[in-house]
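this one's sequence-less:
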C-alpha cells in the first residue's frame, strides 16, 4: 500500500485541520507532495464527512468533498446491505462485488460482517483512500480501474451479490433522467452481470420513473423506493441471475420508521376513491368533507410510487381530487405514510374574500396544491397571514373542481411502528436453493 496517508499526511492534517482548503491549495500549489494534496482534500471534506457519518472511525480518510456528497447516508447504506442479505438463508460468507465503490459506505456494512468484498473504483485517489480505509478488513480487495472492463475479463468464482450505482450525471455535469443515459448503462450490462452473480442490486436515481425502470430491467423481482428524512433517496432494483418469473413488486421502504409497504402494480388494481362533489352542502353519505376528519399528504416515497388507488383501498382513504394528491380519512392513519392533520375549518375559495378569511384564520403555514397559477407564497400573500407552525392552511381543488381552503391542526405524530400489516413477504424469492 502507498504511504500517501503516512506520517507526512497525518502531520499536515494535525497542523492545518479547520483551515480553509482553497487557501491551503494556494499556499502549497508549488511542489506539494501527493500526501499534502491528499491532506488538503481530506481537510476540505472531513467536517462534512464526520457530520454525515458520526460513527466513522478517527482513522478514516475522505479523498474529496464530492465523494462525501455522493456517498450513501448511514441509514440508507444499512438498509441496502440488509436488502441483499435477506434473500439468502445462510448469509455468512457472501462474495460481494461493488462495481462503483466510491467512499465505500455500502461496502463497509458487508466488510464489518466479514463478507468477501471486491471493490472497484475508477478514480485513483478514491481507490487509494479505499485501500487505506479498508486495510483493517483482510476480506476486502480493492481494484483500481473501470469495473465493466474488469468484470468482462473476470473468470473467477461467481459472486453472490453485485452492487452497482451508475453515475447520474453526464460528461458536462448535468443530471440525466433516463437509465440508458447513466454511466455505466446497466441495461446493456445486464446479461454480463447476471452471468457473474446470483443477485444484482442496482442503486438508481430517485428521479427515474418506476414504470419505465421496470420495463428497462426485465427480470427485476423488487424495486425499492427508499425514503430517509422525508426525501426519496434512491431506487433499489433487485434482479436475480435467472430473472424473476413473477411480476416485480414495488416496495416502499422507510427504514427510520420501520415501515415497509409492498404491492404488485396492476392495471386491474383498485381504483382511487374521491370525496363527493358536494363537499360543503352537508352530509353526502360517508364521503362528505367536514371538520373533524383528517387530511393525509403522502410522503415522497408514496408520491413516487403513484399507487393512489391502492393507498385508498389499503388505508381506507379518499382522494380530494385526481390531481390534488391529498387524501381524507375519518380517523388518524396509524401507518407513517405522510403528514396527517386534523381539519378544523373549511372555507370556499373566493378571491374577493381571501383577506377576510385570512384575518379569521390568523398566522399559519400555507400550502397551495392543485391550484393552477397560484403558488403557496402567492396564496399566503392573498390571505395576508404571517407564518406559524401551529396551524396549516391547504388551498386545493376537490370534488367536481371546487376550490377550497382547508384549515388544519399541526401534524399528528405517529409514534408506533406498523410495518407488519403492510409488509407482504415475497413468495419464491429466496436464493438459497441455487447456492
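Yep, that arrived. Since this is a predicted model, take the numbers as computed values, not measurements. Numbers count the residues shown, from 1 in each chain.

ok, residue 202 to residue 83 distance?
11 Å (C-beta to C-beta, to the nearest Å). Every residue, glycine included, has its C-beta placed from N, CA and C.

the two: which has the busier surroundings?
Between residue 202 and residue 83, residue 202 has the larger neighbour count (other C-beta atoms under 10 Å), namely 28 against 19.

next helix or strand past the helix or strand of the chain with the lowest mean pLDDT?
In the chain, no helix or strand scores lower on mean pLDDT, DSSP states H and E than helix 74-85, which sits at a mean of 85. Using DSSP states H and E, the next helix or strand after helix 74-85 towards the C-terminus is strand 95-98.

overlap in contacts, residue 202 and residue 83.
residue 236 (C-beta atoms under 8 Å, 6 or more residues apart in numbering).

now residue 69, nearest residue through space, not along the chain?
Leaving aside its sequence neighbours, residue 69 sits nearest to residue 48 (C-beta to C-beta, 6 or more residues apart in numbering; 7.5 Å).

what about the one you found, neighbour count?
Residue neighbour count, defined by other C-beta under 10 Å, stands at 13 for residue 48.

likewise for the one 10 residues further on?
A count of nearby residues for residue 58, using other C-beta under 10 Å, gives 5.

which residue ranges of this structure form helices?
Applying DSSP state H to the chain gives helices spanning 7-16, 21-27, 34-52, 65-69, 74-85, 105-112, 124-133, 147-152, 186-196, 210-216, 300-305, 308-315, 354-361, 376-383.

residue 409 is nearest to which of those?
Ranking these by their distance to residue 409 (criterion: C-beta to C-beta) puts helix 354-361 first, at 12.4 Å.

which elements pack onto that closest one?
Here helix 354-361 touches helix 376-383, strand 402-409, going by 3 or more C-beta pairs under 8 Å, 6 or more residues apart in numbering; DSSP states H and E.

if we go to 6 Å?
Secondary-structure packing of helix 354-361 (3 or more C-beta pairs under 6 Å, 6 or more residues apart in numbering; DSSP states H and E): helix 376-383.

what's the mean pLDDT across the helix it packs on?
For helix 376-383, the per-residue pLDDT values average out at 93.

not counting sequence-adjacent ones, nearest residue to residue 72?
Nearest residue to residue 72, sequence neighbours excluded (C-beta to C-beta, 6+ apart): residue 105, at 4.7 Å.

returning to that earlier point: give the buried residues for the least confident helix or strand of the chain.
For helix 74-85, the neighbour count (16 or more other C-beta atoms under 10 Å) marks 74, 76-81, 83-85 as buried.

what's around the residue nearest to residue 72, how many residues?
Neighbours of residue 105 under the rule other C-beta under 10 Å: 22.

surely it meets residue 73?
No: judged on C-beta atoms under 6 Å, residue 105 makes no contact with residue 73 at a distance of 8.0 Å.

any idea how far residue 54 lies from residue 247?
40 Å.

what's the answer for residue 296, then?
In terms of C-beta to C-beta, residue 296 sits 27 Å off from residue 247.

please apply the same query to residue 28.
The value you get for residue 28 to residue 247, if C-beta to C-beta is used, is 58 Å.

more crowded one of these two?
residue 28 (16 against 12).

the residue nearest to that one when sequence neighbours are not counted - how many residues pack around it?
The shortest distance from residue 28 to any non-neighbouring residue, by C-beta to C-beta, 6+ apart, is to residue 36 (5.6 Å). Residues lying near residue 36 (other C-beta under 10 Å) number 20.

show the pLDDT at residue 36.
The score at residue 36 is 95. That number is its pLDDT.

okay but the residue nearest to residue 69 is in contact with residue 68, surely?
Yes: using C-beta under 6 Å, residue 48 makes contact with residue 68 at a distance of 5.2 Å.

tally of neighbours for the nearest residue to residue 45 once chain neighbours are set aside?
Spatial nearest neighbour of residue 45, excluding adjacent residues (C-beta to C-beta, 6+ apart): residue 62 at 3.8 Å. Neighbour count of residue 62, defined by other C-beta under 10 Å: 26.

now do residue 62 against residue 46, distance only.
Distance, residue 62 to residue 46, by C-beta to C-beta: 5 Å.
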